[in-house]
Structures are given as C-alpha cells and as structure tokens.
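Colleague: Okay, sequence plus prediction incoming.
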Amino acid sequence: MEYALIIVSLSHSNIDHIFHYRIPARLRGSIEIGMRVMVPFGRGNRKIEGYVVGFSDNADVDESLIKDIADICESYSIISPKRIELAKWMQEKYYTTLSNCIQCIIPKRVNEKNFACVVLNDENDNIEAEIEKVMKKDTKQRNVLSLLLNGDEIPVSHIKNFLEVDDAPITALIKKGIIKRVYEQVYRGNFNTASVKKTVPPPLTEEQENACNAIFNEMDNFTGKPILVHGVTGSGKTEIYLRAIEKALNEGKSAIVLVPEISLTQQTVERFVSRFGDKVSVTHSRLNDGERYDQWTRARLGEISVMIGPRSAVFTPFENLGIIIIDEEHETTYKSDQLSPKYDAREVAKKLSELYKCTVVLGSATPSVTSYYKAEKGEYNLCILSNRVNHSFPDIEIVDMRAELAKRNFSVFSEKLSRAIKNNIENKEQTILFLNRRGYSTFVSCRECGYVMTCKNCNVSYTYHKGINKLSCHYCGATVNVPAVCPSCGSKHIKYFGTGTEKIEQEVNKYFPEARVLRMDLDTTQRKNSHQAILDEFRRGKADILIGTQMIAKGLDFENVTLVGIIAADLSLNLGDYRSGETTYQLVSQVAGRAGRAEKKGKVYIQTYSPEHYSIRYAAKNDYAGFYNQEIEYRKSMVYPPFTNIFLIMFVGENEGYIKQCLSDLLYVMKHYNKNNMFTHLGPSPAVISKINNNYRWQLIVKCENEEKLRNYVLFCLNKLKQNVNLKNISIHLNLNPNYM
Ligand code: ADP
Ligand code: ZN
Ligand code: ZN
C-alpha cells in the first residue's frame, strides 16, 4: 500500500475531505489506521496534524502532486476504527467537519515527557543478584536495564524510541521484579484513590433490585434500548449504578459514568472509588491538556476501567465498553451549545451503544420530558423508584408572595420563611436559601396579581430588553412596550423582575444579623477549588445559612440541613423558553431534595407569585407523572419538542440592520423551498442576549418533525442564500434543539 488516506486537522468546510499522502519507505509497516501523523499541507508545506483513515494503492490525482507523510505523532492508533465511524456519524448529525469531530474525540497532543516511567524496583531485596543475571547476557533486556541502573525514572516511550524495542523486554523486567512502573507520581491529574476507604455494598431494596435486574437483563441480552431509571432523590440510584458497573467489570468490560460537572464533587467520586478503588479515574474541565491526556492514556491501556466525568468523558477510549451511565440525564450541560461539534452526549452514548453493543442507563429524579416521552413510546425501558431509602420526604409548602405584598411585607422573605429561618438558627440547624436564576432573561410581571407579560402566539413569556426598554418574544419576534399598569388588574406594581444572591445576602444580614452566612454563586466560585471549599465549610457547620444559585441544587447531602427556601420560583418559570415549566419542576424538586437527608424531617418553602402554576404544584407534591401529563399536553398543543425539532439559526454582526435584512432574505429563500409546508418558521427575532461586544444577535427558528429533513433544508437554504448575498461580515451559528434560545 503506497498511500495513506488522511483527514487534515484544518476545520474549514472547503478542505473537509480525504487527502492522499505517500507513505515514505522509512515509515512503511509502522502506519496504522487511526494514527496521528504530521503532513505537509498547502503551498507552503506547513506541517499540520492529520489522521489516517485508510489506505490505497492508487492515487486520486497526479502522482507527482502527492506529498509524503512527514512523521508519526504516536506509535499507536489514537482513534479506533469504531470511533472513526462515530466521527463520521457526528459529522453528519452535527453538520460540521470530520476533522472537528475527530479532534473532539481524541485528546490534544501533549508532550509525553513525564508519563509512564519505569525505575529500579527498590522493594526487591534480591535485586542485585537478579540484575547480575540479566547483565550477563547480551539481550534487549540488558540494554533496557543499563539505562536504568543509575536509578533514574525513565519514560517508557523514551526507552522504546532510543533502543528501538517494543514493550516486551520492559514487561519481562517488570515481571522479574527488577524494575517497576511508576504511575502515581508521573501521571498527571490522578484522583487520590488510596485515601478512600473501601465499602461493602448494602443489600438492595426491592425497587433497586428490580431496576438492577432490568439493567442486567439488557447487559446479558443486548437490545440497544437505553434504560431510564426514574428515581426520586435519595432512592438509591447510585447504588444501582455501582452494581451495574460491578457486573461490567466482572465481565472484563469498562464503564463510563457521566455526571454534570457541577455535581462532580469529591463526595460523588468517592462513592465510586470506595467500591472500585484505583480502577476509577476522573476527568473534569479543570484538568489541563496533559492531565487529560494521561487519564485518557490510562483508559486506552486498560489501567483503569471506570471513568467518571462530565460530557466529554463519553469519549473515553475504552474499546471493551460495557456500560455508559448518564446520571441526572435531564441536565442541559450534556449538550454542547458553544463549541463545534455541538454534540449531545446522550446521543453519542446511544451511537456508542450501537457500535460497542454496550448498555446505556439514564438516571434522574426529574427526567427530561423528551426522555420520558421516549420511555412512554417504548424507545426506552423505564424503571421507577418512588421511595427514599432511609428517610422521608420533606414537607413542601407553597407561599403566595402576592399575599405578602397585600400585607405590606416588601422584603424578599415571606413571614413564614422568615419565622422558620429564625427557628432554625435558634435550634442550630442549617438552612439553604436558593435562587433559581437561570440563563439571562428578565421578564415583566405584576407583584399584585402575578400576571406575566406573555406572547400569546408562542405561549412563552416576553423578555425585557433594557437597551430599547421593550419586551420581545424570542420565538416569533413580536415586540411590545412595557405597560405602565398591569393589563390584568390595573396595579402599578408591574415591573421587571430581578433579584440576585447578593441582594439576598444583604437582606439576611439585615433581618438575621446573628446568622453566619455563606454565599455560593459564579462570583464566589471563580478560584480553583473555592466551590468545594464553601461546601466543606458549610458541612462542618461553620455557617447557619448557605445562599446560592442552582450550583447548590445538585447532589449535595448535608445532614443538618432541615430548611430550604426557594426565594422566587418565578425566576425559572418565566425564562421566555418553552421549557420553563420543565426547568422549574426540575429545580424545585432538586432543591427540595436537599432538605432532610438524615433523620431530621425537612421543610421546604417555595415562594412565588404564581402559586397555581402546575410545575410548582406538582413539584410540591413530588408528582412527576402529574407534571409530565400536563407538560406534554402543552408541548403537543404548541408543537414544541418532543413533537418537533427546533433549528436555531443565529446571525451575529456589527450592522444590526444588515443582519436583520439577511435573515429576512433567508426566510424568503426558505419559504420558496418549503414544499407542502413541511417546515414552520418563526422570526426573525432578537436573541435572548441581543448584543454582545457591539455585535448584534438575531435569530430565525425553523421547526420540523423530521430531524434529517430539517437539517438538509436549513443547510440547503443557507447555501442558496450565500450564492446571492454577501455574508462575509456575519457569523452564523447553527444549533439543532439548543438548550437556550
Ligand atoms: P439518589 O442517587 O437516588 O439520590 P443515593 O444513591 O444518593 O440516592 O442514595 C441515598 C442514600 O441511601 C445514600 O446515603 C446511600 O448510601 C443510601 N443507600 C442507597 N441504597 C441503599 C440500600 N440498599 N441500603 C441502605 N442504604 C442505601
Ligand atoms: Zn396585576
Ligand atoms: Zn411569540
């Protein structure tokens, strides 16, 4: 085979194809599919990275134009054939270049200088005699050993390159106990597993047993159907994951556990380490490239078999993948909204399950409406756990804030919550005050009757735009003035809603000066580890009250927290997004789950101006099915997902008039090709954040039930537009079913 087929690491759509490169004589026989290589590219023959995806005996162009591969980057394949297939699937699905997808799957190349070393084994008492034996014979082992005799730690890769040997002599010396591998000091980013005590699995509850059986069954008889574990907070989902992982490991397979970054606390990781010890590794966004590369290498070499991490951990290179667990599957962070490819880890997991015949488990106390709908349709198997393992549910009470205003109570705390906080301080029990602010939108509502300014067309709340002092709908683009009085009751108390954690901290200090307070939000958690530090402090009882955003809603288990106050449930109810109801149900349930995790019974107050809203009512009753039934009706009547797909096209540029005009032109093109009215268009409208750094942002929404047809239609129409309109100064963002819009 003379030529290698290569994808180059430039992510421009014009060069998104496979290039032929000649394999020079010195590299013949050492190039494999999936290897990372350096190749000269373009007129200047600049050296760039490329990935070998195949071989050929024939050239596709004039032979004299074909260049030589310059070098190989690693001595092994960086991406397996199955993962090349995954990359191709991602390329189509997320309309990006193959090179982009490969780079998303593999780790960035880093200097391997200080990783996987060997050193003389100082624990071997008989080492001198052993060394003598080896040194007598002129073998590869002797050559390796001579490099190590002065006691240096030397990277395995250096030894192999320098002596031109493979792993065999090194492994033989390790077997004889003469040298040993040293990982702990050299692998970057290792989780310290040694300090975690081993635990014995508890006997399962009946509900856990049933869920385990369903998962085991799928592991034994692969059908490809993911299993959705819907278990209330504290129902013991993690124990189910542990058992499923145990089974995978016993069968010689590996496991990936996806956890939202925010829940990836020491506490969470330790539960896995306490069962599987040093087979476990962790990745997270704070690892640098080197650390990530090393953890990735340990997985590739089979030195670990359980990887815990956020979204990107789905790409952990286990070739014997047995199970992928996605905890808190409803979390929006599983979909990448910013970087290309804008992949969804849940969809990638499903594809991996096809490729590797591995089981996918989705777990949540509040499943996404889309996942639950799939379970209802039979695309997923559903397991339900409706009881907490060892404590009862907290008491949840809805507080009508309109009544507080009528009583002339203008503070952010209702009388009830205020009294409860006071009591808790006196009883030396802890309180969490929660502000479920999410996204950026600001809405306008009436404090007297609770009326919210809403687009009648789209049934989502209007978003207030400060710059123009107007309200606009992010779906259809309708714009209205801010009313002076409430259209419903005539009150003058109609204004935009905004309260932050700082404001709450001030109020706490004012009303409860004796309380010790901690605040956790984006501002107070900028520094590395500050997130964990605040939580530790609270756990040690160093504060009476913890104030926070959704950061504190996740997976935390504080024994002494008996009171939770949700300051304004309205903040998530009026996001100007069709998922506001879903988001609210999820946030309220999660926060409520923080109260009364130990013996003491918990109490939760939900303060709101919309106490009759179904999301709040059902969340207070812990009735997911009730919530789901109402929510799915709304989705159906308004034709929102899961009954359709939403494609968001955003144009960003300095000239607002021009981007608006171009979007209108695009709409014109789209309408022209909209045969049979298969597609619905909404907009153009200003984006939720309508201006960043002097760049205006406008968007157009296209809906269609068929995802593939929708994607093809949008890409086709955009191409048509590009042929006629100059889009040079506009950056175009495309997102299918985005998290926020
Ligand atoms: P979830 O993930 O569903 O919120 P957890 O897995 O955190 O629930 O379990 C809640 C608590 O119950 C944990 O402290 C866990 O150790 C404990 N637990 C789970 N399963 C059992 C069991 N079968 N027997 C006793 N305790 C259990
Ligand atoms: Zn009103
Ligand atoms: Zn609208």
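Modeller: Received it, and whenever you're ready, just let me know what you need. Ligands and ions are numbered 1, 2, ... in the order given.
Colleague: contacts for the top strand by length along the chain?
Modeller: If you go by DSSP state E, the chain has its longest strand at strand 680-692. Applying CB atoms under 8 Å, 6 or more residues apart in numbering, the contact partners of strand 680-692 are 439-441, 458, 463, 465, 467, 472-478, 576, 639, 644, 650, 652, 660, 663-664, 667, 670-671, 674, 696-704, 740-741. Where C-beta positions appear, they are placed from N, C-alpha and C, glycine not excepted.
Colleague: Show the buried residues in these.
Modeller: Buried members of the contacts of strand 680-692, scored by 16 or more other CB atoms under 10 Å, are 439, 441, 458, 463, 465, 472-478, 576, 644, 650, 652, 660, 663, 667, 670, 674, 696-704, 740-741.
Colleague: if we can go back for a sec, for the helix or strand that comes right after the longest strand of the chain, give me every contacting residue.
Modeller: Counting by DSSP states H and E, the element after strand 680-692 in chain order, helix or strand, is strand 695-704. Applying CB under 8 Å, 6+ apart, the external contacts of strand 695-704 come out as 474-475, 639, 644-656, 659-660, 663, 666-667, 670, 678-687, 689-691, 710, 713-714, 741.
Colleague: Swap in 6 Å and give it another go.
Modeller: Identification of contacts with strand 695-704 by CB atoms under 6 Å, 6 or more residues apart in numbering yields 644, 646-652, 654, 656, 659-660, 663, 678-684, 686-687, 690, 710, 714.
Colleague: what's the angle from it to strand 680-692?
Modeller: On the basis of axes from the mean of the first three to the mean of the last three CA atoms, to 10 degrees, strand 695-704 is oriented at 160 degrees to strand 680-692.
Colleague: Could you tell me which strands sit next to strand 695-704 in the sheet, and their orientation?
Modeller: Next to strand 695-704 in the sheet, as set by DSSP bridges, lie strand 645-653 (antiparallel), strand 680-692 (antiparallel).
Colleague: Would you mind extracting the C-alpha trace of it into PDB?
Modeller: Coordinates of each C-alpha in strand 695-704 appear next as PDB, following Å, rounded to 0.1, in the frame of the first residue of the first chain:
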ATOM      1  CA  ASN A 695     -22.300  42.600  18.000                       C
ATOM      2  CA  TYR A 696     -26.000  42.300  17.400                       C
ATOM      3  CA  ARG A 697     -27.600  38.900  17.500                       C
ATOM      4  CA  TRP A 698     -30.700  38.000  15.600                       C
ATOM      5  CA  GLN A 699     -32.300  34.600  15.100                       C
ATOM      6  CA  LEU A 700     -34.600  32.600  13.000                       C
ATOM      7  CA  ILE A 701     -36.300  29.400  14.200                       C
ATOM      8  CA  VAL A 702     -37.400  26.600  11.900                       C
ATOM      9  CA  LYS A 703     -39.400  23.600  13.100                       C
ATOM     10  CA  CYS A 704     -40.000  20.200  11.500                       C
END
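Colleague: Tell me how far it lies from the chain's centre.
Modeller: In terms of CA atoms, centre = their mean, to the nearest Å, the centre of strand 695-704 is found 24 Å from the chain centre.
Colleague: Once you drop chain neighbours, what's closest to residue 36?
Modeller: Sequence neighbours aside, residue 73 is the residue nearest to residue 36 in space, at 4.0 Å (criterion: CB to CB, 6 or more residues apart in numbering).
Colleague: Doesn't the one you found lie inside a strand?
Modeller: Yes: applying DSSP: H, G, I helix; E, B strand; the rest coil, one finds residue 73 inside a strand.
Colleague: Isn't it up against residue 39?
Modeller: No: counting by CB atoms under 6 Å, residue 73 does not reach residue 39; the two are 10.6 Å apart.
Colleague: more neighbours, those two?
Modeller: Between residue 73 and residue 39, counted using other CB atoms under 10 Å, the more crowded position is residue 39 (23 against 15).
Colleague: Which positions in the helix or strand hosting the more buried one come out as buried?
Modeller: Using DSSP H and E, residue 39 sits in strand 35-41. For strand 35-41, burial by neighbour count (16+ other CB under 10 Å) applies to 35-39, 41.
Colleague: By mean pLDDT, point me to the weakest helix or strand of this structure.
Modeller: The helix or strand of the chain with the poorest confidence is strand 154-155; it has a mean of 75 (mean pLDDT, DSSP states H and E).
Colleague: what's next to that strand, contact-wise?
Modeller: Contacts to strand 154-155, defined as CB under 6 Å, 6+ apart, come from residues residue 117.
Colleague: Let's test this: mean pLDDT of the very next helix or strand once past it, rounded?
Modeller: Using DSSP H and E, the helix or strand that follows strand 154-155 in sequence is helix 156-163. For helix 156-163, mean pLDDT rounds to 78.
Colleague: in helix 156-163, what's buried?
Modeller: 156, 159-160.
Colleague: So for residue 308, what's the pLDDT?
Modeller: Looking at residue 308, its pLDDT is 96.
Colleague: still on that earlier bit, what's the spacing between the least confident helix or strand of the chain and its chain's center?
Modeller: Here the centre of strand 154-155 is set off from its chain's centre by 35 Å, with CA atoms, centre = their mean.
Colleague: what lines up beside it in the sheet?
Modeller: If you go by DSSP bridges, strand 154-155 pairs up with strand 117-120 (antiparallel).
Colleague: ok, and what's touching the partner strand?
Modeller: Under the criterion CB under 6 Å, 6+ apart, residues 148, 151, 153-156, 179, 181-182, 186 lie in contact with strand 117-120.
Colleague: Mean confidence (pLDDT) on the helix or strand encompassing residue 712, please.
Modeller: Residue 712 belongs to helix 707-724 when assigned by DSSP H and E. Helix 707-724 shows a mean pLDDT of 95.
Colleague: measure the nearest residue to residue 705 once chain neighbours are set aside to ligand 2 for me?
Modeller: Using CB to CB, 6+ apart and skipping the chain neighbours, the partner closest in space to residue 705 is residue 644 (5.3 Å). In this view, residue 644 and ligand 2 are 33 Å apart by CB to the ion, to the nearest Å.
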